[in-house]
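Chemist: Sequence and predicted structure are below.
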Amino acid sequence: MGARSAVEIDAWLRGGGLVVTASERAARSIAAAFNRSRRAEGLTAWPASNIQDWQTFARNAWSERGSDGRVVLNGLQEQALWAGIVAAASPQAAQLAGARDRLADLAMEAHGLICAYAPQLLNQKARSAWDQDAAAFSAWLVDFDETCRAANLLSAARLPLELIPTLEADSSTRPPLLLAGFDRILRTQQALFAAWGDYAEVPLGDAASRIEFHQAADPSSELVACALWCKRQLAANPKARLLVITQDVSKRRGEMERAFLRFARTEGSAAGPSSLFEFSLGVPLSQVTTARGAGLLLRWLDRPIDEHEVDWLLSTGQAAARREESSALIAYVRALRRRNLQRTRWTLADFLRQKPGAELPAAWVARMTHAQRRLQEFARRPQSPLAWAEFTPQMLDEAGWPGARPLASTEFQAVRRWRQTVDDCASLGFDGRRIEWQEFLAALDHAVNETLFAPESQDAAILIAGPAESAGLTADAIWFLGANEEAWPAGGATHPLLPLAVKREAGMPHASPKLDWELATVMTRRLLASAPEVHFSFSRQNDGVDARPSRLVAQLADAPQPLSAELAALEIPAPLTVSFDDASQIPFPPGDAPGGASVLTAQSQCPFKAFATARLGAQDWEPAEAGLTAQERGQLLHAVLHSIWAGPPDGIRTHAELANIQDRLSAFVKDHVRRGLQAKMPSRARECMPSKYLELEEARLVELVTEWLRYESSRVPFTVLETEQKATASIAELTLHLRLDRIDRLIDDTLLVIDYKSGNVSPSSWDLPRPDDVQLPLYAEFALDCETERLGGLVFAKVRTGESNREFAGCVRDAKTTLFPGLTGNSGLMRRKLTGEDMAAWRACIEQLARNFLAGQAEVDPRDYPKTCVRCGLQALCRIEENPPQPEDTNSGDGEEADNA
Ligand code: SF4
C-alpha cells in the first residue's frame, strides 16, 4: 500500500465509502492520515471517516442484522466459559487457577483458528479421528457448543460464520467495501465479503524506488545505525513519517528506547520522547505501575504479599493520601529493617502490629483497617461479578489509591484503562454466577495481564511496529531490523491442541516452513510497497553466534552491504548529562561517627561507600528470609560464646576450667546454646518457622561450639579477660564506639585480640597499603591500653564446621609458645608474625583513613573492582556501572571474601 494506494483510500473515504482494515492499528493509522490530509487542505472541520477494523466490522454487521437474541460473548466471558469447561473435564490438570486459565486460553485460541481457517471442523463428525490432546479439545468444543446453545450465547469467533447466511438471505443494498492492510484474506473472511456484496482490495503500490540491505557487526550497532538513519531522515524532512519494523520489540523495548533517545534526536529539537517515537504495541497492563499497585493493594487487604511488594507499593506512594503519609510509610519500612523485623511476606494485620520505633500514620491505619473490614464483611457470601466490580474501586478509593501526587497523562490513561478492565470483569456475570472475592480477583488479574496498554498516540515521527502489525501502515521511509536467516521468515510453534495434518491442510500459522515463507514473502512485498524508501538490516553476530542474512530479503533487495560510514561511525551526540570533576569535599564534624570500625574499613574499600553508609545512612537490603540469615546465625554464635566465656557462676574463664569440663562439655554447651537462643533468637524466626527448624538450629550450634571448644582446649594455657567489651577509640578527632569480641591473656602475659568469624576470612585482608578490613588492627592499636599492656597477636577465630576449616588465623608474635606448641613452620600463624613495624604501619594507615573521612573524601573508587562492589550493594547510588573503572584504574587487591560472623 504505497503513496498511490493512500491517495486511493483518501478518495474513497472522502466519497463517504467504508474501509475495512485488518487491524485496529491500521484503522487508526488510516484515520490519522485522513485527518492530516484535511488539515493540510486548510480545513478546520470535516465529516468523520468511515473506517472499521475487521472485528468491529463483523460485530456491527451482526448487531445491525442478527436479531436472533443470542448474546455475543466478549473475550473475558468466553475465556471464563472455556475455563469452566476445562475445569469440569480435567479437574486435576486445571486444579491451579493459572494452569486452568492457560488451558482455557489455548482452547479459545484453537476454536478461533478453526473458525477462521477450517470452519468445516466445527462439525463434531469431522473431528472424530482426532486423538490425544486434540481429542480432549474436541470434547471440550462439544461442551462449549452445548453451553452456548443452552444459554443462547455466541462466540465472537463465530460471528463471521453466522453472518454469511444472514447476509446471503438479506437482499438489501450494502455499500461497497474497500479492504486495506490484509496480508492475506482467510477463507471465512473471503466468504463473508462475498456475501456482503461488492468489495475491492487496495492494490499494492509500486515497489520502493530505493531498497537497501545493510550488514552490521552486532545487534546494538544495527540498532544505532537505524536510529542514526532516523535522525538523518528527520533532519532532511522534519515532517517525515518513519516506520521501524522489528520482531522482538517486547524483549528489546528498553534498549530501543535508549538508542532512539540518544541517537535519533535532531540537533536543537525540543521534541519529547513521545513525539519522537512510539511503539505500536502496548505492554501488558499488569506491568504498568498504577495497575500493578491497584492489584497489590487489593491482594493485601485479604492475603499476605511479599515484603518486596510491600516495599514497592509504599515507596511508589500509591497507598498514601498525602505526601507526608507516604514519607512516614517509607520510614516505617526502613525502621522494620533496622530493627531486624523483616519478613518474607506480610499480612496487613502483622504489618500494622509491629513496633519498630517509627509510627504508622494514624489516618492511613484507619483507612486500611476500614477497607479491610468492609471487604471481610462483603466477602462473607459470594457476590455477582457486577457487585464485585462496583465494590472494588470503592475499596481502592478508601485505601488512597492511586496516591496523592498528581498523575501524569500516561498514568491517568493507565488508571482509566484499569477501571475499564474492572468494569469488563462485571460482564462475567453473564450466566448469573456468583463468585467468591478470590475468584473475582483471579479473573481481574488475568484480565489485567491480557490487556495491552498503549498510551494515546501522539502521532510520533517514528513508529516502531512488528511485521504483522504494520499491515496497512504507510510511511515516507521504512527500516526493517533483524533481517537474518533465523528470524525472517519468522517461525513459531504450532497450536498444541490441533492435529498437525489439520493445521497444514488449513494453512494455519507456522504449520510448515513453506507457509511461513509464503506469508513472509507477502509481508516483505507489502512493506516494499509501503514507502518510497525501504532499508533492511541484519547483524553478523547474534548472542555470540554467527548469523546469515535472510535469503528472502536478499532475493528482493540484493546482497547486504556493510553499513555506510555515516551509519557505521557513531555520530555520538553530546551527552545529555554534563559531567564535571567534582572535587568538592564537605568535612565531617570531628566527634562521633556511626558504625564503629566499619566506617574506616569502608573508607579503605571505597571512600564513597563510607560517605554513603556513615553520612547518608544508605544501606543495602538483602531479601528477607523466613529462617535465620547468615548475619543472625553469626549473632547467635557470638551470644553463645559470650555466655560461655563470661565466667562464673555459669560460664568459664580459663583454659584450666575448660579442661575440667571436658567430660560434660556437650551438656555445658547445650545449656549455653539454650540461653543464647532464648535471648537472641529473632521473634520472626520463632513465629514463622516450625519448631523442628529451631531444634535443628540448636543442634547445629551445639555441635559447632562443642567442636570449637575442643579445638581451644588444645591451646597453651590462657585466660579470657573480656568478651564483648565496649571501647571507645579516638583517631584523628574521629570517635568510634567499638565492641571487641574477646581478649585473652596469653602465657607470656601478652594480649590476644580475637574476632569470631563463621565465614572464610583471611589476615591478608589487613594488607597495606589499602586494607580490605581494618577492624582488628584498629582494635589492637586504638582500643587497648598499650601503655600498660603488650600485644601478643590478633586473630580471626574461624568457628566453622569441619576440622580443616576450624582455626585461628592472623598475626601472633610467638604462636608456638603462646598458642599451639605443635605448630610447624608451614602454619600460617608461624609464617606471619606480628611485628612492631606492622603495628606502626597500620596505625599510620588507619589515622590517614580517619583524616580522609573527616575531610569529606568521598570518591567512587573501589579498591578491587568489581569484587569490592559485589559485596557492597550501593551500585544504585554510586552508579559505578554507568562509568566502571578502566583496567588500569583498578587496584589489584587480593583480599579474600570476608563473611562477617
Ligand atoms: S558499589 Fe563499588 S563503587 Fe559503589 S560505593 Fe560500593 S564499593 Fe564503591
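Modeler: Cool, the structure landed.
Chemist: Tell me the secondary structure of Arg303, please.
Modeler: Classification of Arg303 using DSSP: H, G, I helix; E, B strand; the rest coil returns coil.
Chemist: Now do the helices in the stretch 201-350 of the chain.
Modeler: For the stretch 201-350 of the chain, the helices defined by DSSP state H, counting those that start in this stretch cover 219-236, 249-263, 273-276, 289-300, 307-315, 323-338, 348-353.
Chemist: Now render the ones you listed as CSV, adding mean neighbour count and mean pLDDT.
Modeler: For every residue, glycine as well, the C-beta is placed using N, CA and C. Shown next, in CSV, are the helices of the stretch 201-350 of the chain (neighbours: other C-beta atoms under 10 Å; pLDDT from 0 to 100):
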stretch, mean neighbour count, mean pLDDT
helix 219-236, 21, 92
helix 249-263, 16, 86
helix 273-276, 16, 71
helix 289-300, 22, 96
helix 307-315, 19, 94
helix 323-338, 18, 91
helix 348-353, 15, 95
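Chemist: so what's Thr719 bridging to?
Modeler: Thr654, Arg745 (DSSP bridges).
Chemist: and it, how many neighbours?
Modeler: Thr719: 15 surrounding residues under other C-beta atoms under 10 Å.
Chemist: And Gly429, by the same measure?
Modeler: By the measure other C-beta under 10 Å, the count of residues near Gly429 is 19.
Chemist: same thing with Ala321?
Modeler: Count around Ala321 with other C-beta under 10 Å applied: 19.
Chemist: quick one: contacts for it?
Modeler: Contacts for Ala321 were tallied using C-beta atoms under 8 Å, 6 or more residues apart in numbering; they are 363-364, 367, 400, 403-404.
Chemist: before we move on, back to that, which one of the helices of the stretch 201-350 of the chain lies nearest to Arg419?
Modeler: Among the helices of the stretch 201-350 of the chain, the nearest to Arg419 by C-beta to C-beta is helix 289-300 (9.1 Å).
Chemist: Pull the distance from the closest one to the chain's centre.
Modeler: Counting by C-alpha atoms, centre = their mean, to the nearest Å, helix 289-300 is centred 16 Å from the centre of its parent chain.
Chemist: so it versus helix 307-315, what angle?
Modeler: With axes from the mean of the first three to the mean of the last three C-alpha atoms, to 10 degrees as the basis, helix 289-300 and helix 307-315 are set at 120 degrees to each other.
Chemist: remind me which residues of the chain are low pLDDT?
Modeler: In the predicted model, the chain carries pLDDT under 70 at residues 1-4, 66-67, 93-95, 266-274, 569-580, 786-788, 886-901.
Chemist: longest helix of it?
Modeler: helix 691-713 (DSSP state H).
Chemist: Just list what that one packs against, helices and strands only.
Modeler: helix 630-644, helix 655-660, helix 665-680, helix 683-688 (3 or more C-beta pairs under 8 Å, 6 or more residues apart in numbering; DSSP states H and E).
Chemist: on that earlier part again, Serialize the helices of the stretch 201-350 of the chain to a markdown table and add fields for distance to Arg158.
Modeler: Converted to a markdown table, the helices of the stretch 201-350 of the chain look like this (distance: least, C-beta to C-beta, whole Å):
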| stretch | distance to Arg158 |
| --- | --- |
| helix 219-236 | 42 |
| helix 249-263 | 30 |
| helix 273-276 | 39 |
| helix 289-300 | 31 |
| helix 307-315 | 41 |
| helix 323-338 | 50 |
| helix 348-353 | 45 |
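Chemist: which one of these lies closest to the ligand?
Modeler: helix 323-338 (18.7 Å; C-beta to the nearest ligand atom).
Chemist: Out of the contacts of Ala321, list just those in helices.
Modeler: Using DSSP H, these in helices are 363-364, 367.
Chemist: ok, of these, which come out buried?
Modeler: 364, 367 (16 or more other C-beta atoms under 10 Å).
Chemist: which of the ones in helices among the contacts of Ala321 lies closest to Ala559?
Modeler: Closest to Ala559, out of all of the ones in helices among the contacts of Ala321 and judged by C-beta to C-beta, is Trp364, at 65.5 Å.
Chemist: wait, doesn't that closest one sit right on Ala319?
Modeler: Yes. Counting by C-beta atoms under 8 Å, Trp364 touches Ala319, with 7.3 Å between them.
Chemist: shared neighbours of those two, anything?
Modeler: With C-beta under 8 Å, 6+ apart as the test, Trp364 and Ala319 both reach 329, 400.
Chemist: And the helices and strands packed on helix 691-713: which comes nearest the ligand?
Modeler: Taking the helices and strands packed on helix 691-713 one by one with C-beta to the nearest ligand atom, helix 630-644 is closest: 18.4 Å.
Chemist: so the residue in the stretch 1-150 of the chain that the ligand sits nearest to, which of the three states?
Modeler: Distances between the stretch 1-150 of the chain and the ligand by C-beta to the nearest ligand atom are smallest at Gly98, namely 37.6 Å. Here Gly98 is recorded as helix under three-state DSSP.
Chemist: how near is Thr629 to Ala612?
Modeler: 22 Å (C-beta to C-beta, to the nearest Å).
Chemist: With neighbour numbers in mind, choose between the two.
Modeler: Comparing Thr629 with Ala612 by other C-beta under 10 Å, the one with more neighbours is Ala612, at 21 against 17.
Chemist: Are we agreed that the more buried one is in a strand?
Modeler: No. Looking at Ala612 with three-state DSSP, it is helix, so not inside a strand.
Chemist: Centre-most residue in the protein?
Modeler: Gln287 (9.4 Å; C-alpha atoms, centre = their mean).
Chemist: which SS state does Trp842 fall under?
Modeler: helix.
Chemist: repeat for the one 10 residues further on
Modeler: In terms of secondary structure, Asn852 is helix; the call rests on three-state DSSP.
Chemist: quick one: it and the ligand, what's the gap?
Modeler: In this structure, Asn852 and the ligand are 14 Å apart, going by C-beta to the nearest ligand atom, to the nearest Å.
Chemist: Report the spatially nearest residue to that residue, omitting neighbours in sequence.
Modeler: Of all residues not flanking Asn852 in the chain, Gln603 sits nearest, at 6.0 Å (C-beta to C-beta, 6 or more residues apart in numbering).
Chemist: Then Thr410?
Modeler: Excluding the flanking residues, the one nearest Thr410 by C-beta to C-beta, 6+ apart is Pro455, at 4.6 Å.
Chemist: quick check, the one you found in a strand?
Modeler: No. Using three-state DSSP, the secondary structure at Pro455 is coil, not a strand.
Chemist: what sits against it?
Modeler: So Pro455 contacts 274, 278, 409-410, 413-414 (C-beta under 8 Å, 6+ apart).
Chemist: Let me know the closest of the ones in helices among the contacts of Ala321 to Arg102.
Modeler: Arg367 (36.5 Å).
Chemist: Quick check: residues of the stretch 601-750 of the chain near the ligand?
Modeler: Applying C-beta under 6 Å from any ligand atom, we find that the stretch 601-750 of the chain lies next to the ligand at 605-606, 608-609.
Chemist: Which residues of the chain lie near the ligand?
Modeler: So far as C-beta under 6 Å from any ligand atom goes, the chain lies against the ligand at 605-606, 608-609, 860, 862, 868-869, 872, 874-875, 878, 880.
Chemist: What's the PyMOL line that selects buried ones from those?
Modeler: To isolate the buried members of the residues of the chain next to the ligand in PyMOL, using 16+ other C-beta under 10 Å:
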select buried, resi 605+606+608+609+860+862+868+869+872+874+878+880
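Chemist: Number of residues surrounding Ala493?
Modeler: As a burial measure, Ala493 scores 7 neighbours (other C-beta under 10 Å).
Chemist: Give me the three-state assignment for it.
Modeler: Relying on three-state DSSP, one would call Ala493 coil.
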